[in-house]
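Student: Build me a model:
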Amino acid sequence: MNMVLGWLRLIRPINIILITLTPVALWAVLVRPLFGIPELDVRQVLMLGLALGLVAAAGNVINDIADRTIDQLNGRKNPLLDGFPVSVAWVMYATLNVAALLLTWQLAAELNRWAVASLLPIAILGLAGYSFSLKCVPLIGNVLVSLFAAGVPGLVYIAEPIIGENLIKSANAQSLVVYIIIAFFGTLARELVKDLEDKDGDAAAGCRTLASTWEEKNVLLLVNACLFVVLSGVAYLATIWYMTNVIVGAISWAALWFLLASILFTIFKPDHEGKKRWSVLSTQLKTAMAFGLLLLIIVGANLWN
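Tutor: Here you go, the predicted model:
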């Protein structure tokens with residue numbers, strides 16, 4: 001297959017761009033305009049976001065390497081099944097991680113925050129462990145991916161101590177914690193739905209996910225619980241932005257709430273059955289998550305002055 005196309009399919013560039021810009025948007029929305037002088041500058045926040053994006057890209061690559069058999073059984077697209085060399089994928093994986101580590105060490109040296117920098121190697125090892133082993137341990141793999149997703153906004157909280165210092169008295173600081181919760185439970189809901197979609201192929205490959213060990217209705221109950229937490233968090237964010245007169249933000253979060261509510265309606269009144277049902281639901285959840293990331297970027301740009 002075409003090498004450039006295979007490279008792009010492996011790293012999922014749109015996802016990486018969104019991940020890279022998320023810390024920047026959160027910083028622009030919550031730190032710079034609301035808490036005075038931040039510890040990081042915009043260049044350093046971009047470095048942080050890019051390091052996370054590179055690690056996520058490496059995670060995509062190693063996941064495709066590990067999932068060749070499962071993806072073939074599930075009928076999922078995988079460039080390594082279409083002729084892209086596995087050896088080149090391994091080189092890409094190593095290069096992306098090395099680039100992320102170099103960025104992180106540079107940032108740690110500038111800020112003297114080596115303890116925080118140690119979280120990135122832990123994330124790299126965690127994603128590798130997920131790809132080759134933990135994804136087949138019921139719920140553990142799902143939680144690990146969700147922790148990585150929550151860690152993207154979570155690193156902004158860790159990197160900017162001023163947010164923690166204002167946590168008790170500032171609703172805006174609290175909204176970052178709420179976004180971390182939304183990222184975790186939103187990702188967990190989609191991971192569980194993906195397990196439902198792939199349960200036959202996973203079972204054939206000997207991969208014991210939650211969907212292959214629990215009854216379908218019980219997994220769906222857990223998905224609904226996750227979405228209830230996400231809906232509550234989004235409603236809170238819409239309220240906070242309205243109370244602080246950021247009307248664009250309030251309207252945007254309200255729109256996301258209605259989008260998520262429509263997904264719940266789809267769960268209870270599905271238009272499809274079997275694997276198609278879970279494929280549609282997974283796409284809807286991915287769209288909602290991407291919309292939530294775009295909201296941060298749009299609102300962040302609106303508040304930047």
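Student: use CA for all of it now, contacts and neighbours both
Tutor: Will do.
Student: and stretch 158-168, how far from the chain's centre?
Tutor: With C-alpha atoms, centre = their mean, to the nearest Å as the basis, stretch 158-168 stands 22 Å off its chain's centre.
Student: same thing with stretch 142-162?
Tutor: Worked out by C-alpha atoms, centre = their mean, stretch 142-162 lies 10 Å from the chain centre.
Student: What of stretch 262-280?
Tutor: Centroid displacement of stretch 262-280 relative to its chain, using C-alpha atoms, centre = their mean, is 22 Å.
Student: And it, what's buried?
Tutor: For stretch 262-280, the neighbour count (16 or more other C-alpha atoms under 10 Å) marks Ile263, Leu264, Thr266, Ile267, Arg277, Trp278, Ser279, Val280 as buried.
Student: repeat for stretch 70-78
Tutor: In stretch 70-78, counting by 16+ other C-alpha under 10 Å, buried: Ile70, Asp71, Leu73, Asn74, Asn78.
Student: Reformat those as CSV; add distance to Ala159, pLDDT and secondary structure.
Tutor: Shown next, in CSV, are these (distance: C-alpha to C-alpha, whole Å; pLDDT from 0 to 100; DSSP: H, G, I helix; E, B strand; the rest coil):
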residue, distance to Ala159, pLDDT, secondary structure
Ile70, 38, 81, helix
Asp71, 37, 77, helix
Leu73, 42, 77, helix
Asn74, 40, 76, helix
Asn78, 36, 82, coil
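Student: Now tabulate those in TSV and tack on distance to Val86.
Tutor: Formatted as TSV, those follow (distance: C-alpha to C-alpha, whole Å):
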residue	distance to Val86
Ile70	16
Asp71	15
Leu73	18
Asn74	20
Asn78	11
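Student: wait, which of those is closest to Val193?
Tutor: Asn74 (14.1 Å; C-alpha to C-alpha).
Student: Helix or strand: which one has the residue nearest to that closest one when sequence neighbours are not counted?
Tutor: Leaving aside its chain neighbours, Asn74 sits nearest to Gly201 (4.8 Å; criterion: C-alpha to C-alpha, 6 or more residues apart in numbering). Element membership for Gly201 (DSSP states H and E) is helix 171-204.
Student: same thing with Val45?
Tutor: Judged by DSSP H and E, Val45 forms part of helix 42-66.
Student: got it, and Val280?
Tutor: Assigned by DSSP H and E, Val280 falls in helix 275-303.
Student: could you give the angle of that helix to helix 171-204?
Tutor: 160 degrees (axes from the mean of the first three to the mean of the last three C-alpha atoms, to 10 degrees).
Student: Just name whatever secondary elements helix 275-303 is in contact with.
Tutor: helix 13-26, helix 171-204, helix 247-268 (3 or more C-alpha pairs under 8 Å, 6 or more residues apart in numbering; DSSP states H and E).
Student: Take those helices and lay them out in JSON lines including mean pLDDT and distance to Gly126.
Tutor: Output for the helices and strands packed on helix 275-303, formatted as JSON lines (pLDDT from 0 to 100; distance: least, C-alpha to C-alpha, whole Å):
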{"stretch": "helix 13-26", "mean pLDDT": "82", "distance to Gly126": "18"}
{"stretch": "helix 171-204", "mean pLDDT": "84", "distance to Gly126": "16"}
{"stretch": "helix 247-268", "mean pLDDT": "79", "distance to Gly126": "29"}
